[in-house]
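Asks: A structural model of the following input is requested.
(chains A and B)
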Amino acid sequence: MILAAAPASPADAWLERAPVLLRDALTGWLPDALRPWVAALLSIATILGVFGLLFAYMTLAERKILGRIQNRPGPNRTGPFGLLQPFADAIKALTKEDIVPRAADQVLHFLAPVVLVALSLIGLAVIPFGRNLVAVEMEASVLYFFAAGAATELAIFMAGWASRNKYSLLAAMRALAQLISYEVPLLLSVVPVIVVAGSLSTTDIVAAQGGWAAGLWPHWHALTPWGFSAFAVFMVAALAESNRSPFDLPEAESELIAGHLTEYSGFKYALFFMAEYLGMAALSAMAVTLFLGGWQAPLAVLEFIPSYAWFGVKLLLLLLGFIWIRATFPRLRIDQLTRLSWKFLVPLALVNLINGGVWAATADWTGAAAVVRWFISALGVVVPFIFLARSLSAGYGPRTYRYASP
Amino acid sequence: MDLHPYAFLALFLLVAIAFPIVLLAVAQVWFRFFQPPKPSPSKQDPYECGVAPHGDAWIQFKAHYYLYAIVFLIFDVELLFLLPLAVAFTGLPVGAWVAILVFLFLLAEGLVWAWHRGHLEWS
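Replies: So this is what the prediction gives:
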């Protein structure tokens, strides 16, 4: 091998292959029977380490950004710029007394945080973090991801039920109503992507979004009319699925104390916190994979930057969006919440399903026909949006203020 | 050479379950040696904003939004049928597309029915 020669394609660049080379170097000396198992454990350890650190620094970033938005500095005492704050928080959570209510179901009370964290983690196995960086390649990886994500609802109900606290139980019932309501648009918005990519495998879906029109306009699904609509529905549903503001009703402090978390203290509470952030990161990673081209670079000339760096940038941008939304929007009421899902997102996603089908059926239209194809797709997004939005706000006229009107 | 995908997923599940248990075990070791727990009757009461807890939490009450659960169940099962259709979509003849459309309209019709009956209103 000649070291000085320029790589033939971005896939051959040294930095691009670095993680795989490192893995092979670490496992190369092992006997053949053991090697795949150690390699698998290495990739699991990497996922745990990277997403554990991401969780730690997201809590800090969230507090810092919320602080800046509210014109205050945020945590800044622990280490330079407060950078050691997550570790201080972890030590504090670890040394807090673990109080379990006398009447609680002891086994379920212990199991709920464990199950929640485990189920939030396993979805990450099928995300392609880079060109060769997917922990496991499967035919039905999208299905697996959403099955793992849907099972976390059970863990939340377990926590609420096992605490034997009225607020916890009420919050768990509410959480279930919310999670199942938003599960439907979440899944429905994914189906057109599968129609267009023709596969349930995440690596195939990313590969389907490769290439650029004229080297400038990437073929990402979010940059087509139907894909943009699906992406928007997916992100709103993802906000609700991860119990984030403005959909944080199950944890509404002013109404339900802390919801299903009321009777949890010490490190079990920290585990719930971790599961929330892991779930948010996993759904964002899935959104990047399905709609934002996964690890693909946005411009052809930028392909020299390794693919996993692009994935990281997109993931962090989406997570920043989550934090920004939390700082901006007030909490929804429960009837507004369910109405938004069943009467707006679900019909919109259903119409978008047909729209995606039309897009897939007209894949061979080129030239002037491609413009017509775009126009049809845009029409299929805008018209249902206007009609559904009008019906959603019907009967809710402009708000009048008795004393404060100008 | 490579591991079977399911073997990998089973391994991942085991590690993912062990991960929080190990963390909780570390906390237990800390309590055991440095910070023995001090339980007391009032500390272990269910938390009800400071007043003494009143009655049991495990009572029967009407979950008046169980209809959401039924609508969800229908949609979820139909979605499972949609996924294989979606994968095979581009290779299908026109007749199959019409069949998919009929299937979708049945799904939409169920939603319209529940909407019309007012089952989608939170009461």
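
Asks: hey, let's count contacts and neighbours off CA atoms from now on
Replies: Noted.

Asks: wait, isn't A:Val206 in contact with A:Gly293?
Replies: Yes: the pair A:Val206 / A:Gly293 is scored as a contact, 5.6 Å apart, by CA atoms under 8 Å.

Asks: tell me the helices and strands packed up against the longest helix along chain B.
Replies: The single longest helix within chain B, with elements called by DSSP state H, is helix B:5-33. Judged by 3 or more CA pairs under 8 Å, 6 or more residues apart in numbering or on different chains; DSSP states H and E, helix B:5-33 is in contact with helix A:35-69, helix A:85-95, helix A:106-122, helix A:266-291.

Asks: tell me which residues of it are tucked away?
Replies: Counting neighbours by 16 or more other CA atoms under 10 Å in any protein chain shown, one finds that the buried residues in helix B:5-33 are B:8-9, B:11-13, B:15-17, B:19-21, B:24, B:27-28, B:31.

Asks: give me the angle between that helix and helix A:266-291.
Replies: 160 degrees (axes from the mean of the first three to the mean of the last three CA atoms, to 10 degrees).

Asks: make JSON lines out of the helices and strands packed on helix B:5-33 and add mean pLDDT and distance to B:Ala108.
Replies: Formatted as JSON lines, the helices and strands packed on helix B:5-33 follow (pLDDT from 0 to 100; distance: least, CA to CA, whole Å):
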{"stretch": "helix A:35-69", "mean pLDDT": "90", "distance to B:Ala108": "39"}
{"stretch": "helix A:85-95", "mean pLDDT": "88", "distance to B:Ala108": "47"}
{"stretch": "helix A:106-122", "mean pLDDT": "90", "distance to B:Ala108": "31"}
{"stretch": "helix A:266-291", "mean pLDDT": "91", "distance to B:Ala108": "25"}
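
Asks: quick one: low-confidence parts of chain A?
Replies: Residues of chain A meeting the criterion pLDDT under 70: A:1-8, A:10-11, A:252-255, A:395, A:397, A:405-406.

Asks: before we move on, back to that, neighbour count winner among A:Val206 and A:Gly293?
Replies: Comparing A:Val206 with A:Gly293 by other CA atoms under 10 Å in any protein chain shown, the one with more neighbours is A:Gly293, at 27 against 24.

Asks: contact partners for that one?
Replies: By CA atoms under 8 Å, 6 or more residues apart in numbering or on different chains, the contact set of A:Gly293 is A:206, A:209-210, A:219-221.

Asks: can you list the domain ranges for chain A.
Replies: Domain segmentation of chain A under automatic domain parsing yields A:36-88, A:96-392.

Asks: pick the most deeply packed of these.
Replies: Highest mean neighbour count among the domains of chain A (mean count of other CA atoms under 10 Å in any protein chain shown): domain A:96-392, with a mean of 20.

Asks: how near is the closest residue to chain B within the stretch 201-350 of chain A to A:Ser181?
Replies: Going by CA to the nearest CA, chain B is nearest to A:Asp335 of the stretch 201-350 of chain A, at 5.0 Å. Separation of A:Asp335 from A:Ser181 (CA to CA, to the nearest Å): 12 Å.

Asks: quick revisit: a markdown table please, covering the helices and strands packed on helix B:5-33 and showing distance to B:Ile70.
Replies: Output for the helices and strands packed on helix B:5-33, formatted as a markdown table (distance: least, CA to CA, whole Å):
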| stretch | distance to B:Ile70 |
| --- | --- |
| helix A:35-69 | 35 |
| helix A:85-95 | 40 |
| helix A:106-122 | 24 |
| helix A:266-291 | 25 |
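
Asks: who wins for proximity to B:Leu92 among these?
Replies: helix A:266-291 (23.0 Å; CA to CA).

Asks: show me what that closest one is packed against.
Replies: Counting contacts by 3+ CA pairs under 8 Å, 6+ apart, helix A:266-291 is packed against helix A:35-69, helix A:85-95, helix A:106-122, helix A:202-208, helix A:225-241, helix A:307-328, helix B:5-33.

Asks: mind doing that once more with 6 Å?
Replies: If you count contacts as 3 or more CA pairs under 6 Å, 6 or more residues apart in numbering or on different chains; DSSP states H and E, helix A:266-291 packs onto helix A:85-95, helix A:106-122.

Asks: which residue, other than its chain neighbours, is closest to A:Pro225?
Replies: Leaving aside its sequence neighbours, A:Pro225 sits nearest to A:Ala378 (CA to CA, 6 or more residues apart in numbering or on different chains; 5.1 Å).

Asks: state the helix or strand in which that neighbour lies.
Replies: Element membership for A:Ala378 (DSSP states H and E) is helix A:368-392.

Asks: next, the angle helix A:225-241 makes with that helix.
Replies: Using the same axes, to 10 degrees, the inter-axis angle of helix A:368-392 relative to helix A:225-241 is 40 degrees.

Asks: name the residues that touch helix A:368-392?
Replies: Here helix A:368-392 makes contact (CA atoms under 6 Å, 6 or more residues apart in numbering or on different chains) with A:225, A:344.

Asks: show me what from chain A comes close to chain B.
Replies: A:36, A:94, A:101-102, A:114, A:118, A:136, A:164-166, A:194-195, A:198-199, A:335 (CA under 6 Å from any CA of the partner chain).

Asks: determine which two of the residues you listed are furthest apart.
Replies: A:Arg102 and A:Gly198 (53.4 Å).

Asks: residues of chain B that sit close to chain A?
Replies: Counting by CA under 6 Å from any CA, chain B comes close to chain A at B:2-3, B:5, B:16-17, B:20, B:27, B:44-46, B:57, B:86-87, B:89, B:122.

Asks: A:Asp24 falls within a strand, correct?
Replies: No: per DSSP: H, G, I helix; E, B strand; the rest coil, A:Asp24 lies outside any strand segment and is helix.
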